[in-house]
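K.L.:
next input, structure requested:
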Amino acid sequence: MSVFPFVPALGLAVLLACLVSILLTLIARLWWTAKAARVPPPAVARPVTVLKPLFGSEPRLYQNLRSFCTQDHPEFQVLFGLHASDDEALAVAERLRAEFPERDIGIVVDPAVHGINLKVSNLMNLMPHARHDWLLLADSDIEAPPDLLRRVTAPLADDAVGVVTCLYRGRAVGRSTPATGETRDGGFWARLGVQFIDDWFAPSVCFARLLGSTNFAFGATIALRRDTLDGIGGFGQIAHHVADDYWLGELTRRTGRRTVLSEAQVITDVTETRLSDLAARELRWLRSIRTITPLSYAFAFICFPVPVAVLSGAAALTGNGGNGGMDGLILTAVGVSIGARLVLDWLAVVQRSENAMSLDLLKNLLTSTLLVPLRDGLALGLWVIGLAGRVVRWRGRPMKIARRANRPST
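P.N.:
Here you go, the predicted model:
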């Protein structure tokens with residue numbers, strides 16, 4: 001028997017929770033994938049202004065921004081915003097404006113800072129130049145499919161809808177070649193970052209959506225109407241928040257309008273080349289989640305099943321007294337948890353693959369499988385670190401996460 005009698009029982013409870021959680025998450029991911037594939041693109045499209053805050057150079061900046069200039073949409077404006085004329089991203093924005101003279105592309109360079117969140121300050125500087133009342137906000141490291149504008153803005157035709165957002169999947173990207181602009185495949189840490197997004201974030205959102213929750217909004221892509229933005233007091237209401245995307249959705253929901261998770265999906269680049277950079281990025285996400293929804297965060301560790309299933313299974317076995325039948329059930333639960341976790345990872349790898357049957361796909365499946373234990377172990381460690389503290393680093397700047405947002409203006 002264990003010195004601490006409660007440890008085996010606790011281990012068994014955690015193991016069962018881990019098993020149920022990973023199975024339900026896998027089911028939710030499969031459900032959302034099948035649902036999204038059945039939704040046709042909408043035929044009707046309203047004029048849209050795309051707001052793109054920029055800061056510095058990124059490996060695929062040109063390709064990502066270009067994807068918003070080639071949208072299959074009858075009328076849209078693209079606004080690029082920067083804080084300084086010596087920002088490296090300015091040359092990319094000017095290149096695109098020259099490449100697409102038929103497009104309504106504007107560039108706004110404005111050093112005004114309105115809060116601790118420079119991205120929101122950028123958005124505030126762009127708003128006076130927005131021609132249309134339907135708005136799309138998208139981060140600079142996002143690549144959009146050609147029909148994104150049609151799909152993600154369609155629900156805005158319903159006045160009861162406040163914010164529309166969508167899932168994103170990761171892409172590991174290395175440094176670009178200056179002569180050609182081509183980018184290399186991402187390295188080891190970037191691939192781990194992709195797994196965090198594709199294996200944990202996206203399935204967790206699908207699970208929440210399956211249960212009916214829409215208490216989210218993702219900065220990768222957010223669509224809303226101008227009147228909705230005005231109704232919460234404008235971007236100034238979230239200028240002092242790190243989790244600006246969440247609070248934009250939350251303040252909108254407080255006005256009585258609902259959030260819609262679009263079936264559209266975009267790609268976000270993961271470019272970290274060092275563990276410290278990857279940990280800083282993921283800690284920012286985790287501490288933001290903990291500050292916003294502490295109860296959900298407290299139980300999030302069961303979503304990292306490889307280390308949790310092994311440790312809780314070992315704890316359960318210590319107090320079993322050699323009961324072979326119970327030992328078998330415990331080991332089966334551990335195996336099923338890890339197996340479901342691997343299937344979840346393989347599903348993400350297949351979705352990222354351009355060729356459903358190829359040697360590259362098999363290689364990626366094997367590589368990703370080997371990384372899963374490390375990925376879950378790293379996530380669990382960062383979850384523990386994220387239990388305390390509200391200071392995060394964003395683009396090299398320390399910032400403190402606020403516990404609450406301002407109330408909407410009346």
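
K.L.:
please count neighbours and contacts with C-alpha atoms only from this point.
P.N.:
Noted.

K.L.:
tell me which element residue 398 falls in.
P.N.:
Counting by DSSP states H and E, the element that carries residue 398 is strand 397-400.

K.L.:
domain boundaries for the protein, per the record?
P.N.:
Domain ranges of the chain: 6-30+296-390, 44-270, per automatic domain parsing.

K.L.:
lowest average pLDDT across these?
P.N.:
Here the domains of the chain differ in mean pLDDT, and the lowest is domain 6-30+296-390 at a mean of 89.

K.L.:
start to end distance for it?
P.N.:
End-to-end distance of domain 6-30+296-390: 32 Å, with CA to CA, to the nearest Å as the criterion.

K.L.:
quick one: the strands in the stretch 51-200 of the chain?
P.N.:
For the stretch 51-200 of the chain, strands defined by DSSP state E, counting those that start in this stretch occupy the ranges 76-82, 104-109, 134-138, 142-143, 161-176, 183-185.

K.L.:
state the distance from residue 165 to residue 219.
P.N.:
8 Å.

K.L.:
which of the two has more neighbours?
P.N.:
The residue with more neighbours, out of residue 165 and residue 219, is residue 165; 28 against 19, by other CA atoms under 10 Å.

K.L.:
hmm, the more buried one is touching residue 265, no?
P.N.:
No - using CA atoms under 8 Å, residue 165 makes no contact with residue 265, being 9.4 Å away.

K.L.:
for the strand holding residue 398, give the mean pLDDT please.
P.N.:
76.

K.L.:
pairing partners for it, with directions?
P.N.:
Sheet pairing for strand 397-400, assigned by DSSP bridges, gives strand 391-394 (antiparallel).

K.L.:
what's next to the strand it pairs with, contact-wise?
P.N.:
Identification of contacts with strand 391-394 by CA atoms under 8 Å, 6 or more residues apart in numbering yields 280-281, 283-284, 287, 398-401.

K.L.:
could I get the buried residue list for it?
P.N.:
Neighbour-count burial for strand 391-394 flags 391-393 (criterion: 16 or more other CA atoms under 10 Å).

K.L.:
out of the residues you listed, who's nearest residue 360?
P.N.:
When the buried residues of strand 391-394 are compared for distance to residue 360 (CA to CA), residue 393 wins out at 35.5 Å.

K.L.:
so the closest one versus residue 26, what's the distance?
P.N.:
32 Å.

K.L.:
residue 307 too?
P.N.:
Distance, residue 307 to residue 26, by CA to CA: 18 Å.

K.L.:
try residue 337
P.N.:
Residue 337 is 11 Å from residue 26, where distance means CA to CA.

K.L.:
between the two, who's got more neighbours?
P.N.:
Between residue 337 and residue 26, counted using other CA under 10 Å, the more crowded position is residue 337 (26 against 23).

K.L.:
which helix or which strand is home to the more buried one?
P.N.:
helix 324-352.

K.L.:
so which elements touch that helix?
P.N.:
If you count contacts as 3 or more CA pairs under 8 Å, 6 or more residues apart in numbering; DSSP states H and E, helix 324-352 packs onto helix 6-38, helix 305-318, helix 359-385.

K.L.:
most packed of those?
P.N.:
Burial of those is given as mean neighbour count (mean count of other CA atoms under 10 Å); helix 305-318 ranks first at a mean of 23.

K.L.:
what angle separates that one from helix 359-385?
P.N.:
Relative orientation of helix 305-318 versus helix 359-385 (axes from the mean of the first three to the mean of the last three CA atoms, to 10 degrees): 60 degrees.

K.L.:
tell me which other helices or strands helix 305-318 touches.
P.N.:
Under the contact criterion of 3+ CA pairs under 8 Å, 6+ apart, helix 305-318 touches helix 6-38, helix 324-352, helix 359-385.

K.L.:
can you lay out the ones you listed as JSON lines showing distance to residue 243?
P.N.:
Output for the helices and strands packed on helix 305-318, formatted as JSON lines (distance: least, CA to CA, whole Å):
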{"stretch": "helix 6-38", "distance to residue 243": "24"}
{"stretch": "helix 324-352", "distance to residue 243": "26"}
{"stretch": "helix 359-385", "distance to residue 243": "18"}
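
K.L.:
indicate which one of those is closest to residue 171.
P.N.:
Ranking the helices and strands packed on helix 305-318 by proximity to residue 171 (CA to CA) places helix 324-352 first, at 8.1 Å.

K.L.:
how far is that closest one from where the chain is centred?
P.N.:
Centroid displacement of helix 324-352 relative to its chain, using CA atoms, centre = their mean, to the nearest Å, is 24 Å.

K.L.:
stretch 99-119 too?
P.N.:
23 Å.

K.L.:
for that stretch, buried residues please.
P.N.:
Those would be 103, 105-110, 113-114, 116-119, for stretch 99-119 by 16+ other CA under 10 Å.

K.L.:
could you do stretch 147-164 as well?
P.N.:
If you call a residue buried by 16+ other CA under 10 Å, then stretch 147-164 has these buried ones: 147-156, 161-164.

K.L.:
which residues touch it?
P.N.:
By CA under 8 Å, 6+ apart, stretch 147-164 touches 41-45, 48, 71-73, 134, 136, 165-166, 217, 222-225, 228, 249, 252-253, 256-265.

K.L.:
now do the same end-to-end measure for it.
P.N.:
Taking CA to CA, the first and last residues of stretch 147-164 lie 15 Å apart.

K.L.:
what about that stretch, distance to the chain center?
P.N.:
With CA atoms, centre = their mean as the basis, stretch 147-164 stands 19 Å off its chain's centre.

K.L.:
next one: stretch 247-266
P.N.:
Distance of stretch 247-266 from the chain centroid (CA atoms, centre = their mean) equals 14 Å.

K.L.:
then stretch 203-218?
P.N.:
12 Å.

K.L.:
repeat for stretch 224-239
P.N.:
With CA atoms, centre = their mean, you get 22 Å for stretch 224-239.
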